[in-house]
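[1] Just need the structure, nothing else, for what follows:
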Amino acid sequence: MNRAFVREADGDDVVEPLYERQHSDLPNYITPEGLLHLKNRIRVLENNIAALSKTDTLEKKSQIARAQRDLRYLVERVRRAQPVTPPASPEKVQFGVTAVLEDETGQSYSFTLVGEDETDIDQGRISWATPIGKQLSGRVIGDHIAWSQGDKQIQLELVDILS
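    Reported below is the predicted structural model:
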């Protein structure tokens, strides 16, 4: 058969297949604020999809497909969410609590244990499931932990616990 008579998809009809975003097997613990943030992200994606569907661009179908994939992921994250309200006056490090640590030189580090969807290392928000998050969980003021930073270990002392 001559290829000249075979209908091929137009460029704007071709959408690369997208792999679904994978979910962690861990419980989806999340702070109430984190859950609200996820729900807001869902609303933004829904609005973006609605706006994209009204446009007439070559990338429209692939942009909608990506947004729909992300929307499915976030909806499932909300469905699996297990909200945990942090304690008002914590006596030990636990979910939603901020641990203040110091190294031997007196440099201070601050980590808040949050859910996987809330992690933001620049803000000191780390997942409860990370190695340091697991080390911190259950610790009290005065406890020491070793923090691996690449090829070196830093000894840290827990000096304060904040709600």
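[2] Could you spell out the sheet neighbours of the lowest-mean-pLDDT helix or strand in the chain, each with its direction?
    When each helix and strand of the chain is scored by mean pLDDT, DSSP states H and E, strand 144-149 comes last, with a mean of 90. Paired strands of strand 144-149, with direction, are strand 152-162 (antiparallel) (DSSP bridges).
[3] Output the partner strand as CSV, nothing but the C-alphas.
    Provided in CSV are the C-alpha atoms of strand 152-162 (Å, rounded to 0.1, in the frame of the first residue of the first chain):
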residue,chain,number,x,y,z
LYS,A,152,30.3,13.5,56.7
GLN,A,153,28.3,13.0,59.9
ILE,A,154,27.2,16.0,62.0
GLN,A,155,26.4,15.4,65.6
LEU,A,156,23.3,17.4,66.6
GLU,A,157,21.7,18.0,70.0
LEU,A,158,17.9,18.7,70.3
VAL,A,159,17.7,22.0,72.1
ASP,A,160,14.0,23.0,71.6
ILE,A,161,10.7,21.6,70.5
LEU,A,162,8.1,24.0,69.0
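[4] how about it: buried residues?
    By 16 or more other Cβ atoms under 10 Å, the buried positions in strand 152-162 come out as 156, 158, 161. No exception for glycine: its C-beta is placed from N, CA and C like everyone else's.
[5] how about the first one, what does it touch?
    Just to be clear, that refers to residue 156. By Cβ atoms under 8 Å, 6 or more residues apart in numbering, the residues touching residue 156 are 101, 102, 103, 109, 144, 145, 146, 147.
[6] so what's it closest to, chain neighbours aside?
    Nearest residue to residue 156, sequence neighbours excluded (Cβ to Cβ, 6 or more residues apart in numbering): residue 101, at 4.1 Å.
[7] State the helix or strand in which that neighbour lies.
    Element membership of residue 101, judged by DSSP states H and E, is strand 98-102.
[8] Check residue 132 too.
    When elements are assigned from DSSP H and E, residue 132 belongs to helix 131-136.
[9] Quick one: distance of that helix to the chain centre.
    Distance of helix 131-136 from the chain centroid (Cα atoms, centre = their mean, to the nearest Å) equals 17 Å.
[10] Check stretch 61-70 too.
    That offset, for stretch 61-70, works out to 19 Å (Cα atoms, centre = their mean).
[11] Report the mean confidence score over it.
    Regarding stretch 61-70, the rounded mean pLDDT is 94.
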